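Enquirer: Let me see the structure of the following:
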Amino acid sequence: MAWWLWMLLGFALVGCEVMTPGGFFFLFFGLGAITVGVLAALGAGGPGWVQWLLFSLISIGFLVPLRGRLLRRVATGDDAAARVDVLVGQVAVLLDDLPPGEVGKAELRGTAWTARNEGERALRRGQRGKVTRVDGLTLWLQPE
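Expert: Have a look, this model is predicted:
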C-alpha cells in the first residue's frame, strides 16, 4: 500500500477518535497507520502483507501500554468512588450530637456531610471524628 494511503488512513482514524466518545481505540490504530506510512515513505515498509503486519503490531504496541494511562489521566465522574476513598483517615467536625449507630451531620473540607457514628461512644457537637469509610455520601466516623 502506498505511504500516503497509510497516512490518510491514520488521520482518518485519529479523526474518528475525536468524533467518538472516550474509548481511545481509534487513536492507537491511527498512530499505527501513521507510523507505517512513515516507514513506507522511508522505504522500510516492505511488501503489503508486511505493512499490514506492522500496522497490527505497532497499533497494539501503542494500545496496550498507553490506553490505561490515558484513560486514567482524562478520567471524569466515573472515578468518583476512587476520589472519595481518599477521605478515609481524615478528620471531620461534628455539627450535631451523634449517638452510637445514629446519623447526623459533620463538616469535612468545608462541606457538610451525612455522618454515621460507627463507634461505641457518643460523639458531641464540635468534637472531631476520624473517617473510617465512605458509603455513598455518608461518612462513617469514630472518635478521634
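Enquirer: So Leu139 belongs to a strand, correct?
Expert: Yes - secondary structure assignment (DSSP: H, G, I helix; E, B strand; the rest coil) places Leu139 inside a strand.
Enquirer: Counting neighbours, what do you get for it?
Expert: Counted with other C-beta atoms under 10 Å, residues neighbouring Leu139 total 25. All C-beta spots, glycine's among them, are computed from the backbone N, C-alpha and C.
Enquirer: Report the contact partners of it.
Expert: With contacts defined as C-beta atoms under 8 Å, 6 or more residues apart in numbering, the neighbours of Leu139 are 87, 92, 106, 108, 113-116, 131.
Enquirer: run the last query once more with 7 Å
Expert: Residues near Leu139 by C-beta atoms under 7 Å, 6 or more residues apart in numbering: 87, 92, 106, 108, 113, 115, 131.
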